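Student: Give me the fold of what follows.
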Amino acid sequence: MADIRSKGVAFEREINITTTATQIKTLRFVGGTVGETILIVGSEDFAVAQKLYGEMMRINNEQTNALRTVLKEQSRGDNMYNELSYLNNELVVMQREIAKKNAELERLNREKNHFLGMAAHDLRSPLHTILGYSDLLIRISDQPAQQEYLQVIFNATLFMARLIDDLLDVTKIEGGNLQLEYDTVNLASLITSNAAVNRSIAAHKQIELIYQLDETVPKAVVDSAKIEQVLNNLISNAIKFSEPENKVVIRLERAEENFLISVKDDGRGITSEHQSHLFQPFQQGQTGTDGEKSTGLGLAIVKRIVERHGGKIWFESKLEQGTTFFVSIPLRPQDDQRFS
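Tutor: Presented below is the predicted three-dimensional model:
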C-alpha cells in the first residue's frame, strides 16, 4: 500500500457489502494510473466482488440487448411506416382512377337509357297499331285458320309491346324517375279487364286460367297501369313455365289493410340456383316449357313497382310442383309513398 501511495494513488475507496442478513464486509479499492491493475484489500471477499461485478455486467448486457431490440423494432416500424405511406399513396391513385371510371360509366349509362327511351317510344306506336288491327281482324274473321294466324301475330306483337314497356321502365328505374299516377281502382275489374288477352295467350299452350276474385275487396288507390303491368308479368311467367293442360290460378283477397294478389302455377318450379337472383335485372332465368327465353327484366320491374307502392313481393316454389307469387300492397298509400 505504501508503495502505491508513494507513486501517487489516483483513488482509494472503501465499500461495505452485505453478505448475509447480519454481516457486512468491507472492501477497499486502491487504483493508480488508468489502465493499471486495481488492488483490492480484503482478498477473502474477492469472490463476492467478482459475483457482483458479473451481475452488473449481466444487467448491462441485458440493457444493451434491450436497447438494440428497441432500435431494431424502431427501424422496422420506420420501414413499415414508409411501406404504408407508399401503399396509401397507391390507394389514393387507384381511388382517383375508379372515380374517373365510375363517372365514365354513369355517362355511358345515361346515354344508353336515353337511346333506349327514344327507341322504345318510336316502336310503341306501330306495335299498338298492329295490336289493334290484328285484334279487330280476329273478331270479324269467320275462318278458323285465319283467326289462328292472326292470333299468332297478336300474341307476338303483344310480347314485343310488353317488352318495350319493360325497357322504358328500366330506364326510368335506373334514372330514379319511376313515377306513379294514382287513381281509385276496382281491383277485381282491373284484373278481369285483361283476362281475355291473357286467356288467349294461355290457350296457345292449352293452359286454363282460373280467376278467384273476392268482390268484397274495397277499391284501392294505386297506379292502375303499373298494377296491370305487375299482373301481366306474373301471369305471363306462370304460362311460360306451365306444361300444356296445366292450370294457372289468379286470386284476389284482402289481408287487413292490404290487398293480396297471388298467381299460382303447376309448373316445374324454380331451382335454388335461379331463386337467388330471381329479382335482379338482366338475369335470365330458366327456359320456358316451349323454349321461351326471358330478358330478365320482368320480375325486377315488378319488384320495383310493388315496393314503390309500399308493398312487398315473395314466392313459394317446389320443384316439379309449381310456383306461387304473392303481391301485398296497401289499399291506401302513405303520403311519403304517394308524393315522393
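
Student: can we go C-alpha only for contacts and neighbour counts from here?
Tutor: Fine.

Student: these two touch, right, Gln151 and Ser134?
Tutor: Yes: using Cα atoms under 8 Å, Gln151 makes contact with Ser134 at a distance of 7.5 Å.

Student: Now do the helix or strand Leu137 falls within: which elements does it pack against?
Tutor: Taking DSSP states H and E as the definition, one finds Leu137 inside helix 46-140. Under the contact criterion of 3 or more Cα pairs under 8 Å, 6 or more residues apart in numbering; DSSP states H and E, helix 46-140 touches helix 144-174.

Student: What is the subsequent helix or strand relative to the helix it packs on?
Tutor: Downstream of helix 144-174, the next assigned helix or strand under DSSP H and E is strand 183-185.

Student: moving C-terminal of that following strand, what's the next helix or strand?
Tutor: helix 187-193.

Student: Could you tell me the average pLDDT over that following helix, please?
Tutor: Mean pLDDT, computed over helix 187-193, is 90.

Student: So which elements touch that helix?
Tutor: Using 3+ Cα pairs under 8 Å, 6+ apart: helix 187-193 touches helix 224-240.

Student: Distance from the helix it packs on to the middle of the chain?
Tutor: 27 Å (Cα atoms, centre = their mean, to the nearest Å).

Student: Output it as CSV, nothing but the C-alphas.
Tutor: Below are the C-alpha coordinates for helix 224-240, written out as CSV (Å, rounded to 0.1, in the frame of the first residue of the first chain):
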residue,chain,number,x,y,z
SER,A,224,-103.7,1.1,-62.3
ALA,A,225,-101.4,0.8,-65.3
LYS,A,226,-98.5,-0.3,-63.1
ILE,A,227,-100.6,-2.9,-61.2
GLU,A,228,-101.8,-4.2,-64.6
GLN,A,229,-98.2,-4.5,-65.6
VAL,A,230,-97.4,-6.5,-62.5
LEU,A,231,-100.3,-8.8,-63.2
ASN,A,232,-99.4,-9.3,-66.8
ASN,A,233,-95.8,-10.2,-65.9
LEU,A,234,-96.7,-12.7,-63.3
ILE,A,235,-99.4,-14.3,-65.4
SER,A,236,-97.1,-14.4,-68.4
ASN,A,237,-94.4,-16.1,-66.3
ALA,A,238,-96.8,-18.7,-65.0
ILE,A,239,-97.9,-19.5,-68.5
LYS,A,240,-94.4,-19.7,-69.7
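
Student: how far off helix 144-174 does it point, in degrees?
Tutor: 120 degrees (axes from the mean of the first three to the mean of the last three Cα atoms, to 10 degrees).

Student: could you give the angle of the next helix or strand along the chain from helix 224-240 to helix 224-240?
Tutor: Following helix 224-240 in sequence order, the next helix or strand is strand 247-255 (DSSP H and E). On the basis of the same axes, to 10 degrees, strand 247-255 is oriented at 140 degrees to helix 224-240.

Student: which ones are touching the residue nearest to Asn232 when sequence neighbours are not counted?
Tutor: In space, and not counting its chain neighbours, Asn232 is closest to Asn198: 7.7 Å by Cα to Cα, 6 or more residues apart in numbering. If you count contacts by Cα atoms under 8 Å, 6 or more residues apart in numbering, Asn198 has them with 232, 235-236.

Student: before we move on, what about His128?
Tutor: Ala161.

Student: mind checking how far it is from Phe154?
Tutor: Going from His128 to Phe154 by Cα to Cα, to the nearest Å gives 10 Å.

Student: Please apply the same query to Ala145.
Tutor: 14 Å.

Student: Neighbour count: the two, which is higher?
Tutor: More crowded of Ala145 and Phe154, by other Cα atoms under 10 Å: Phe154, with 24 against 10.

Student: which SS state does the residue nearest to Asn232 fall under?
Tutor: Under DSSP: H, G, I helix; E, B strand; the rest coil, the three-state class of Asn198 is helix.

Student: any weak-confidence spans in this structure?
Tutor: Low-confidence segments of the chain (pLDDT under 70): 1-53, 117, 281-296, 335-340.

Student: How is it divided into domains?
Tutor: 96-170, 179-338 (automatic domain parsing).

Student: Out of these, flag the one nearest Asn88.
Tutor: domain 96-170 (12.4 Å; Cα to Cα).

Student: The closest one: end-to-end distance?
Tutor: 29 Å.

Student: Stretch 211-229 too?
Tutor: Start to finish, the residues bounding stretch 211-229 are 17 Å apart (Cα to Cα).

Student: Can you give me the neighbour number for Gln321?
Tutor: Other residues close to Gln321 by other Cα under 10 Å number 12.
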